[in-house]
Each structure stands twice: as C-alpha cells, then as structure tokens.
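**Q** structure for this input, please:
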Amino acid sequence: MEEVLDAVIAELNIIKDLPYDEVGFLDEIDLVDDIWFDDPRILAEDQYPMMYVEPVTTNKVGETTKDIEREETVRIGLVVDPRNYYSTDETSEQPASREMIRTMGSIRRHFERTRLRIGGGLAENTTSVEVGSTDYPQQLRGDLYVRTAQLTLRVRVKYPRLP
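**A** Residues are numbered from 1 along each chain as shown. From the prediction side, this is the model:
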C-alpha cells in the first residue's frame, strides 16, 4: 500500500504544476504545500488549500502459487478554506466549488490515462488503476467549515507470495 500511495503522490506533484489544458490544475487551485501523505485533519488557516492522499482499504482479490493480488483503495482529498474564494462580483456562486470541480476533473482524467492503467504503469507490480467516485462534502475542521473534494482510486497490485 505504501508504494501505491507514494506513486499517487508523485503523479499529483507533477500535475499540480501543469495548467488545466495540459491535464493539470495549476491555474485552478494553487496548493500551499506539496501533497500530504495522509490527512492531517486540522491545519492552520494559512495552510489551505491543501491536498492529501490516504489509504482506505486493502482487499485480496486473487492469488496463485506465486503471488497474491490485492486491490488497494486510495483517497485523494482536496481541502479549501472557502472564505478565501468568495467572489465579490458574483453573489450567486462560490468560485471555490467550480475550481474544485475542475481540479478533481483534471486529476480524474490524469489517472484514466492508458499509461497508468496498464501493468506497472503507476508503480511496480500494479496491474490496473480504476478511478472511482468523487464526493464534495463540507467538513468542520476545528472551528472552520471547509470545502472538500475526495476522489477514490482502486489500484490492483500483485505481491509476490513469501516462501
């Protein structure tokens, strides 16, 4: 699982510096930090927007005498302090929501690329990458209501069986 999380973080660190028309999100959300390994839950207000990758589940999906195949479910989270994204010109919408939708769309399109979905495309011994659902829940973190987006990836990995 750790290798999968590191590989997802590496991919996100690449596309965070690309513009939207190159399947990045630099012109949508400018992250304060690099992508976090796991969700820190509560941050200082000046650390938003932030993105994290966290483990969700590991399930065995197959095995042979040589290896065990597991499906590793990973969550990519984006957290934004919406107070920094209110539009003074437009009172009928919250721009942070549009930017989050576009950012998660770029991430989804990136992980749907053929080169990542083939065997070994994401990390060593990976056999497939499947993009799951994207959710947009509001959360209370400390005393702050934040906007979040969460995208799920299911990555299949063949682990060598120990003798």
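**Q** report how many residues lie close to residue 29.
**A** Counted with other CB atoms under 10 Å, residues neighbouring residue 29 total 21. (Each C-beta comes from the backbone N, C-alpha and C, glycine too.)
**Q** what's the helix or strand containing residue 146 packed up against?
**A** Per DSSP states H and E: residue 146 is located in strand 144-160. Packed against strand 144-160, as judged by 3 or more CB pairs under 8 Å, 6 or more residues apart in numbering; DSSP states H and E, are the following elements: helix 2-15, strand 67-80, helix 95-111, strand 126-135, strand 138-141.
**Q** avg pLDDT for it?
**A** Per-residue pLDDT over strand 144-160 has a mean of 93.
**Q** return the angle between stretch directions for it and strand 67-80.
**A** Put simply, strand 144-160 runs at 160 degrees to strand 67-80, going by axes from the mean of the first three to the mean of the last three CA atoms, to 10 degrees.
**Q** change the start of the numbering to 54 and stick with it
**A** Right, with 54 as the first residue, what we last looked at is strand 197-213.
**Q** how about strand 197-213: buried residues?
**A** By neighbour count with 16 or more other CB atoms under 10 Å, strand 197-213 contains the buried residues 199-211.
**Q** equivalent analysis for stretch 86-106, please.
**A** Neighbour count says stretch 86-106 has 88, 89, 92, 96, 101, 102, 103, 104, 105, 106 buried, by 16+ other CB under 10 Å.
**Q** and the contacts of it?
**A** Residues outside stretch 86-106 that contact it (CB atoms under 8 Å, 6 or more residues apart in numbering) are 58-59, 61-62, 65-66, 69, 82-85, 107-108, 127-134, 137, 194-195, 197, 199.
**Q** tell me how far residue 59 lies from residue 65.
**A** According to CB to CB, to the nearest Å, residue 59 stands 11 Å off from residue 65.
**Q** what about these two, which has more around it?
**A** residue 65 (22 against 13).
**Q** measure that one to residue 174 for me?
**A** The gap separating residue 65 from residue 174 is 15 Å, by CB to CB.
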